[in-house]
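A.B. asks: Quick one: sequence plus predicted model below, questions after.
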Amino acid sequence: MKRVTAVVLNWNGPDDTIACVMSLRDSGHEGLDIVIVDNASSDHSVARFRAEIPDVPLLTRPANGGYATGNNVGIRYALEHGADFVLVVNNDVVVTRHFLEPMLAEMEADRAVGIVTCEAKFQSDTSRLYPTGGSISWFRGAGVMLPRRKRYQRTVVDFVSGCILLVRREVFEKLGLFDESFFMYFEDVEFSRRVGQKYRMVYTPAATVYHRSGGGKSWAGQTTTYLYYMARNRFIAFQEEPAVYRAYLVLVSVASAFAKSAAIASHVLAGGSNAAAGSQLKALWGGFLAGARTLTDSPRDRSSPTKGVSHG
């Protein structure tokens, strides 16, 4: 039986993480190992894990390195302990029984498949699908969900989101891990582009999980962390593209920032907090400016298998 190690990254979310781990345990796959990486939580997460799930390996970080750095710690652990496949799964995901079997079947059927993702439904509204697989939209400068007609069929995709992805061991060995300069958001876009040059990536609706997204359901409700890194990281993800496209990306980002600013302002007029709106606008435009400054940097070499990987 092929060995699969699930990497679950936690930051101040013990309830979600424990629920995720328990669902993985109950999924029915005998060859599934689990490792938790705690990203320097400031709450009682570590104590909860040690008390409630003491048999699950727990790796603790001294500082919060975001999605990329935290997951890379777990991925290295999985590879060092002989995993054939690594399942990177958000801690606010609950999996279903036997969800892994259809995903592994895709891997076994075609050695050219490097990543498999699956159907994810919102926990709050199971009639809605969370975007786990799709395409890179050059018009929007982002990864976008599959069109509705393809969401219920097996599809080769060129974008997989960081929500849930099963990755063949050799993908990491040959192409490297997540690029840690992103901190969080858009690292899945860059990783998908890098992997898509060498391997196929597949979305299958034959496996289902349930996801609770935490970024905010509306622009006015988006967190400052989400606003900052979503604005900044679009520029980093497409940094190596020709100057004409990067100039276009500035226009796209300006339009997005103004639209979100208008939504935040409208929320204030409807009775929302001035202080919260000020923090949101500062994060949004701060992220835009930080990202725009990277456009003048020298092109980055993403070809090295160790690109974006710190070994400290």
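C.D. replies: Sure thing, it's come through.
A.B. asks: where's the nearest residue in space to Pro131 that is not next to it in sequence relative to Met107, distance?
C.D. replies: The shortest distance from Pro131 to any non-neighbouring residue, by CB to CB, 6 or more residues apart in numbering, is to Met145 (3.4 Å). For every residue, glycine as well, the C-beta is placed using N, CA and C. Applying CB to CB, to the nearest Å, the value for Met145 to Met107 is 23 Å.
A.B. asks: can you give me the strands for the stretch 51-200 of the chain?
C.D. replies: 58-60, 85-90, 93-95, 113-122, 129-130, 133-137, 142-145, 155-157, 159-160, 164-168, 200-211 (DSSP state E, counting those that start in this stretch).
A.B. asks: who does the lowest-mean-pLDDT helix or strand in the chain pair up with?
C.D. replies: Least confident element among the helices and strands of the chain, by mean pLDDT, DSSP states H and E: strand 129-130 (a mean of 90). The pairing partners recorded for strand 129-130 under DSSP bridges are strand 113-122 (antiparallel).
A.B. asks: and the strand it pairs with, which residues are buried?
C.D. replies: 113-121 (16 or more other CB atoms under 10 Å).
A.B. asks: Format the CA atom coordinates belonging to that strand as PDB.
C.D. replies: What follows is strand 113-122, C-alpha atoms only, in PDB (Å, rounded to 0.1, in the frame of the first residue of the first chain):
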ATOM      1  CA  VAL A 113      -0.400  13.000 -13.000                       C
ATOM      2  CA  GLY A 114       1.500  14.900 -10.300                       C
ATOM      3  CA  ILE A 115      -1.300  16.500  -8.400                       C
ATOM      4  CA  VAL A 116      -4.900  15.600  -7.700                       C
ATOM      5  CA  THR A 117      -7.600  17.700  -6.100                       C
ATOM      6  CA  CYS A 118     -11.200  17.000  -5.400                       C
ATOM      7  CA  GLU A 119     -14.600  18.500  -4.900                       C
ATOM      8  CA  ALA A 120     -15.000  20.800  -1.800                       C
ATOM      9  CA  LYS A 121     -18.300  22.000  -0.600                       C
ATOM     10  CA  PHE A 122     -18.800  24.900   1.800                       C
END
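A.B. asks: What segments of the stretch 151-300 of the chain are helices?
C.D. replies: Remark: helices assigned in the stretch 151-300 of the chain by DSSP state H, counting those that start in this stretch are 169-175, 187-196, 224-237, 243-269, 274-293.
A.B. asks: Relative to the whole chain's centre, how far out is the second one?
C.D. replies: For helix 187-196, the distance between its averaged C-alpha position and the chain's averaged C-alpha position is 11 Å (CA atoms, centre = their mean, to the nearest Å).
A.B. asks: so that helix versus strand 113-122, what angle?
C.D. replies: 150 degrees (axes from the mean of the first three to the mean of the last three CA atoms, to 10 degrees).
A.B. asks: what's helix 187-196 packed up against?
C.D. replies: Secondary-structure packing of helix 187-196 (3 or more CB pairs under 8 Å, 6 or more residues apart in numbering; DSSP states H and E): strand 113-122, strand 133-137, strand 142-145, strand 159-160, helix 169-175, helix 224-237.
A.B. asks: Please work out which of these is packed deepest.
C.D. replies: strand 159-160 (a mean of 28; mean count of other CB atoms under 10 Å).
A.B. asks: Thr224 contacts Trp285, doesn't it?
C.D. replies: No: Thr224 lies out of contact with Trp285 (CB atoms under 8 Å); the separation is 11.4 Å.
A.B. asks: Tell me how far the closest residue to Ile136 other than its chain neighbours lies from Lys260.
C.D. replies: Closest residue to Ile136 apart from its sequence neighbours, by CB to CB, 6+ apart: Phe159 at 5.2 Å. Distance of Phe159 to Lys260, given as CB to CB: 22 Å.
A.B. asks: likewise Leu249?
C.D. replies: Leu249 is 16 Å from Lys260, by CB to CB.
A.B. asks: Could you do Gly66 as well?
C.D. replies: Counting by CB to CB - Gly66 and Lys260 are separated by 21 Å.
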